[in-house]
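A.B. asks: Just need the structure, nothing else, for what follows:
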Amino acid sequence: MDQKQTLELIAAVSNAPGAPGFEDAVVDAMLPCAQRLGETEVDHMRNLYIRRRGNTGSRPVVQLDAHSDEVAFMVQAIRPDGTLSILPLGGWVAHNVPAHKFRVRNRNGEYIPGITASTPPHFLPAQQRSAPLELSSITLDVGAVSLEEAVEVFGVRVGEPVVPDVEFTYSHRTGLMMGKAFDCRLGCAALLKTLDDLDGQALNVDVVAACSTQEEVGTRGAAATARTIRPDIAIVFEGCPADDTCAAPHLVQTAIRRGPMLRHIDARMITNPRWQRYALDLAETLGIPVQEAVRAAGGTNGAAIHLSGQGVPTIVIGIPVRYAHTHYGISAYSDLENGVALARELLVRLDADTISGF
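C.D. replies: Residues are numbered from 1 along each chain as shown. Sure thing, here's the model as predicted:
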């Protein structure tokens, strides 16, 4: 895929609604590309598997991973005034949520617009105006004036997904992308581009890719994909939170335009140090810019994959995303390109002997 095709893919997957458990539209956006690259399968969780053309079944298996869901909400209840109580799916910070456009799926499968609302300051006692905002106090307003209208006219139902209403954009002048769900739709695009770049090339490993579901609510899809694929080694693509606008200069480890980030540790995985060092050394040898991070919090699908089987050496190639887990992310196309380049060069070099050394 050239840059134009890759950006079209990113736009399609970024714009698609994909709350945890409701990733169908994201899978549909990926399938046309995936079906060109190998044998595809979608399981009951909506995990998408791509078994690379040229696999033999007799070589070590590399799992490529990215997750297809995004932080979102679910309709919990419909209030008498027609507004909706919503339950978070994934990690939101309350003050980032109000006064934004969202879309909620109705009984016809349409995503209709709404706005997140909280009590206006005009109606708050003085002591409450400075009080911390709670997610439970935020409602979604689709414009209905009663419960009956919300149900009968707007078609709202309890249990339906709610996602940010944002359109992807790209600036050729700056090389920057803006959009929603870059965590981890950029990873999905990187995974597909890696397979495309290697299409027809001889490898010494079998490659099975999985775009897994429900990462934002506990890496649930990856637990299933790892059991299915049974990898010998894994590469996880992620849209990782950039820290260049919020960390002290000496602690910045995930800046945009400085290459993908490879984490040594997070809250749920200590990265296999031998596999990690191999990747970092190869990047240095080839002149691929990368960043190293030591993270006290957070987690990725690597958490589930590296604990599967007898333990799977797993690295995370993270594409920095400013303001992850909000409506809008900002990322550099060059970071995605360099993440794909590193994954591609690693796959070209992996073989049974190299993997056994990890």
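A.B. asks: from here on, contacts and neighbour counts on C-alpha atoms
C.D. replies: OK.
A.B. asks: the helices in this protein, which residues?
C.D. replies: Secondary structure of the chain (DSSP state H): helices at 3-15, 24-34, 126-129, 147-152, 182-197, 220-229, 273-286, 302-305, 333-349, 352-356.
A.B. asks: closest to residue 84 out of the ones you listed?
C.D. replies: In terms of C-alpha to C-alpha, the element of those nearest to residue 84 is helix 147-152, at 8.8 Å.
A.B. asks: returning to that earlier point: pick out the shakiest of the helices of the chain, pLDDT-wise.
C.D. replies: Lowest mean pLDDT of the helices of the chain: helix 126-129, a mean of 76.
A.B. asks: That helix: how far from the chain's middle?
C.D. replies: Distance, stretch centre to chain centre, for helix 126-129: 37 Å (C-alpha atoms, centre = their mean, to the nearest Å).
A.B. asks: what does it contact?
C.D. replies: Under the contact criterion C-alpha atoms under 8 Å, 6 or more residues apart in numbering, helix 126-129 has outside partners residue 121.
A.B. asks: Dump the helices of the chain to JSON lines, plus mean neighbour count and distance to residue 100.
C.D. replies: JSON lines is the format used below for these (neighbours: other C-alpha atoms under 10 Å; distance: least, C-alpha to C-alpha, whole Å):
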{"stretch": "helix 3-15", "mean neighbour count": "19", "distance to residue 100": "16"}
{"stretch": "helix 24-34", "mean neighbour count": "19", "distance to residue 100": "22"}
{"stretch": "helix 126-129", "mean neighbour count": "10", "distance to residue 100": "19"}
{"stretch": "helix 147-152", "mean neighbour count": "17", "distance to residue 100": "19"}
{"stretch": "helix 182-197", "mean neighbour count": "27", "distance to residue 100": "18"}
{"stretch": "helix 220-229", "mean neighbour count": "20", "distance to residue 100": "28"}
{"stretch": "helix 273-286", "mean neighbour count": "15", "distance to residue 100": "39"}
{"stretch": "helix 302-305", "mean neighbour count": "26", "distance to residue 100": "32"}
{"stretch": "helix 333-349", "mean neighbour count": "20", "distance to residue 100": "26"}
{"stretch": "helix 352-356", "mean neighbour count": "12", "distance to residue 100": "47"}
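A.B. asks: nearest to residue 252, of those?
C.D. replies: Per C-alpha to C-alpha, nearest to residue 252 of the helices of the chain: helix 333-349, 15.7 Å.
A.B. asks: for the closest residue to residue 271 other than its chain neighbours, what are its contacts?
C.D. replies: Spatial nearest neighbour of residue 271, chain neighbours left out: residue 264 (5.2 Å); criterion: C-alpha to C-alpha, 6 or more residues apart in numbering. For residue 264, the contacting residues are 270, 271, 273, 276, 292, 293, 294, 295, by C-alpha under 8 Å, 6+ apart.
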